[in-house]
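K.L.:
What follows is a protein structure lacking sequence information:
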């Protein structure tokens, strides 16, 4: 089982039996979901489908979304990981990093800590040459995380399904500094 430990977090594969309810609670929070997809909250059934899809990506690609667990308490804080982007066209087919954490975990550096470990995993462990990301233009918190990762703004795009304006970021192995 793939696991990464940081000073405060355990990034691990999903245990649907243990993780479904806490992730469903995160997905039910409109503040968490407002900048993901169409901004709609997700039901427990939809969350179960997400976990299943993330686990399938692990099996097919050798990477995917990690469950983010606090080492001290064992609480599920959210998800961070990698996926092959299908949209927008500017990044389609490339490996993208993303995250979502429960609101009670915001502002404590967990997103940056988990994303940094995931980026290192992608570029050093999985041997990827490049990782991309998108964020909604108005999402200053994600911009801050992306800046901390050393990812560079490369342009803009538009979400082809929901019409949101997006900022596109990227980093390649030669730009990455551990």
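P.N.:
Now that the structure is in, tell me what you want to look at. All values derive from a computational prediction rather than experimental measurement.

K.L.:
Tell me where this protein has helices.
P.N.:
16-27, 30-33, 44-61, 110-120, 140-149 (DSSP state H).

K.L.:
can you list these in JSON lines and add mean pLDDT and mean neighbour count?
P.N.:
From N, CA and C alone the C-beta is placed, and that goes for glycine too. Listed next are the helices of the chain as JSON lines, based on pLDDT from 0 to 100; neighbours: other C-beta atoms under 10 Å:
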{"stretch": "helix 16-27", "mean pLDDT": "96", "mean neighbour count": "17"}
{"stretch": "helix 30-33", "mean pLDDT": "97", "mean neighbour count": "14"}
{"stretch": "helix 44-61", "mean pLDDT": "97", "mean neighbour count": "14"}
{"stretch": "helix 110-120", "mean pLDDT": "98", "mean neighbour count": "21"}
{"stretch": "helix 140-149", "mean pLDDT": "96", "mean neighbour count": "16"}
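
K.L.:
Based on its surroundings, how many neighbours for residue 121?
P.N.:
For residue 121, the number of neighbouring residues by other C-beta atoms under 10 Å comes to 19.

K.L.:
And residue 170, by the same measure?
P.N.:
The burial count for residue 170: 19, using other C-beta under 10 Å.

K.L.:
re earlier: Serialize the helices of the chain to TSV and add fields for distance to residue 84.
P.N.:
Below are the helices of the chain laid out as TSV (distance: least, C-beta to C-beta, whole Å):
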stretch	distance to residue 84
helix 16-27	21
helix 30-33	22
helix 44-61	6
helix 110-120	15
helix 140-149	19
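
K.L.:
Of all those, which one is nearest residue 88?
P.N.:
Nearest of the helices of the chain to residue 88, taken as C-beta to C-beta: helix 140-149 at 15.8 Å.

K.L.:
Please name every helix or strand in contact with that closest one.
P.N.:
Helices and strands touching helix 140-149, by 3 or more C-beta pairs under 8 Å, 6 or more residues apart in numbering; DSSP states H and E, are helix 110-120, strand 130-136, strand 165-172.
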